[in-house]
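Chemist: here is my input; please provide its structure:
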Amino acid sequence: MGPTALNPGFVLLLGIETSCDDTATAVVRDGRNVLSNVSTNQDAFHEKYGGIVPEIASRRHVELLAAAVDDALDRARVSLRELDGIAVTAGPGLIGSLVVGVASAKALALASRKPLYGVNHLHGHIFAAFLDRAEEPAYPFLALLVSGGHTQLVDVAGPARMKVIGRTRDDAAGEAFDKTARLLGLPFPGGPHVDRLAVSGNPEAISFPRHRTPEGSLDMSFSGLKTSVKYFLETAEGQGAKVADVAASFQAAVIDVLMDRVERAAAAKPYAFAVLSGGVAANSALQAAFTEWGRQTGIATLVPPPRYCTDNAAMIAAAADRQGEMVSASPATLGADPNLPFSFTETA
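Modeler: Predicted structure coming up:
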């Protein structure tokens, strides 16, 4: 059932996502059928800086968001009046970017007298795997959330009952990809470039370290791996190495750590489903390793299409549909929280 009793058999939500540098809007029916999915990235504006500049990101959201909302409604062939509610990313993310999205969603909700839902960006990534699919998730399931800002293993017991059981202690995996890409002289954002380059490289050419944790811990670390790449490139061996081999070996080390934690989590608790999500879920080698693990274990693995791996608004509507009143918000009080807690039971 969706988040409102207005029409429990047919819930139509507008999603708005501006947590970082992608201006995204979408219209989703019943939490899974995507009627429109609009997204404009700002890579061209941030590339020369080698990373996201928060002030530029928020200003671009101001310029683009109103048109993006209109575009999503037009593509879905629905009007604002026909919506059952508006879902927006309330956090975590860049505060300036979040404020633009939240303020816009509040204004739309007030003007149209529609229910408003404030969604956790990370919850959206988890439910992105069920967009454009007929099946609903079978709880509990395991989620590996891998992005530029977060790397987490999550036990998903229900739409609003999730627990982080493993996380990175320093750099997120996506951040390590981008920093390593910079060391290799690759353009920003670096993750996709490393992935493409690694296809022609030897993943066993260089023995980069794999982070290990004590028994019982599912935490991860990628800062040391990134530093190892830096030091290797400064050696005579590194200066003579093929860039594709460095990329492939680095990528293999990241995937080995991620899959080690997935395997250990699944060994500790039975799961019927496992989900791979987040921007790094678009990595071809990680997808292959995750899918093969599922085939060998008999656990059904779900990976969103690339358009739903990266930041998008359809996933925000999908999460709001499933979480319902848990994320219901008032236009008068909903605020943007760059450090929004992952769990509903956590305190800020």
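Chemist: contacts only, for residue 193.
Modeler: 181, 186-187 (CB atoms under 8 Å, 6 or more residues apart in numbering). The way it works is simple: take the backbone N, C-alpha and C, and place the C-beta from them, glycine included.
Chemist: again, only using 10 Å
Modeler: Residue 193 makes contact with 177-178, 181, 184-187, 247, according to CB atoms under 10 Å, 6 or more residues apart in numbering.
Chemist: and it, which of the three is it?
Modeler: Three-state secondary structure (criterion: DSSP: H, G, I helix; E, B strand; the rest coil) places residue 193 in helix.
Chemist: where's it relative to residue 207, distance?
Modeler: To residue 207, residue 193 is 23 Å away according to CB to CB, to the nearest Å.
Chemist: also residue 335?
Modeler: Separation of residue 335 from residue 207 (CB to CB): 48 Å.
Chemist: higher neighbour count, these two?
Modeler: residue 335 (14 against 11; other CB atoms under 10 Å).
Chemist: quick check: helices, which of the contacts of residue 193 are part of them?
Modeler: When DSSP state H is applied, these are split such that 177-178, 181, 247 fall in helices.
Chemist: wait, what's in contact with the nearest residue to residue 175 once chain neighbours are set aside?
Modeler: Of all residues not flanking residue 175 in the chain, residue 148 sits nearest, at 5.6 Å (CB to CB, 6 or more residues apart in numbering). Residue 148 sits next to 20, 51-52, 171-178, 189-191, 278-280, 310-311 when contact means CB under 10 Å, 6+ apart.
Chemist: now the strands for the stretch 101-250 of the chain?
Modeler: Here the stretch 101-250 of the chain has its strands, by DSSP state E, counting those that start in this stretch, at 116-120, 141-146, 151-158, 161-167.
Chemist: switch the ones you listed over to CSV; also include mean pLDDT and mean neighbour count.
Modeler: Below are these laid out as CSV (pLDDT from 0 to 100; neighbours: other CB atoms under 10 Å):
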stretch, mean pLDDT, mean neighbour count
strand 116-120, 98, 26
strand 141-146, 97, 26
strand 151-158, 97, 21
strand 161-167, 96, 17
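Chemist: closest to residue 94 out of these?
Modeler: Proximity to residue 94 (CB to CB) singles out strand 116-120 among those, at 15.0 Å.
Chemist: right, and the secondary structure at residue 21 would be what?
Modeler: Note that with three-state DSSP, the state of residue 21 is coil.
Chemist: then stretch 184-197 to CSV, C-alphas only?
Modeler: Presented in CSV, the C-alpha positions along stretch 184-197 are these (Å, rounded to 0.1, in the frame of the first residue of the first chain):
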residue,chain,number,x,y,z
LEU,A,184,45.8,8.1,-13.1
GLY,A,185,45.0,11.3,-14.9
LEU,A,186,41.5,10.3,-15.8
PRO,A,187,38.6,12.8,-16.1
PHE,A,188,36.0,13.6,-13.4
PRO,A,189,33.9,11.8,-12.4
GLY,A,190,36.5,9.0,-12.3
GLY,A,191,34.5,5.9,-11.5
PRO,A,192,33.1,5.2,-15.0
HIS,A,193,36.5,5.9,-16.5
VAL,A,194,38.3,3.4,-14.2
ASP,A,195,35.6,0.8,-15.0
ARG,A,196,36.1,1.2,-18.8
LEU,A,197,39.9,1.2,-18.6
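Chemist: which parts of it are buried?
Modeler: For stretch 184-197, the neighbour count (16 or more other CB atoms under 10 Å) marks 184, 186, 188-195, 197 as buried.
Chemist: out of the residues you listed, who's nearest residue 67?
Modeler: Nearest to residue 67, judged by CB to CB, of the buried residues of stretch 184-197 is residue 189 at 23.6 Å.
Chemist: list phi and psi for that closest one.
Modeler: phi -70, psi 140 (degrees, to the nearest 10).
Chemist: tell me the contacts of the spatially closest residue to residue 198 that is not a sequence neighbour?
Modeler: Excluding the flanking residues, the one nearest residue 198 by CB to CB, 6+ apart is residue 248, at 4.0 Å. Residues in contact with residue 248 (CB under 10 Å, 6+ apart) are 194-195, 197-206, 242, 285.
Chemist: the residues you listed, buried ones only, as a ChimeraX selection?
Modeler: Buried members of the contacts of residue 248, defined by 16+ other CB under 10 Å, are picked up in ChimeraX with:
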select :194,195,197,198,201,203,205,206,285
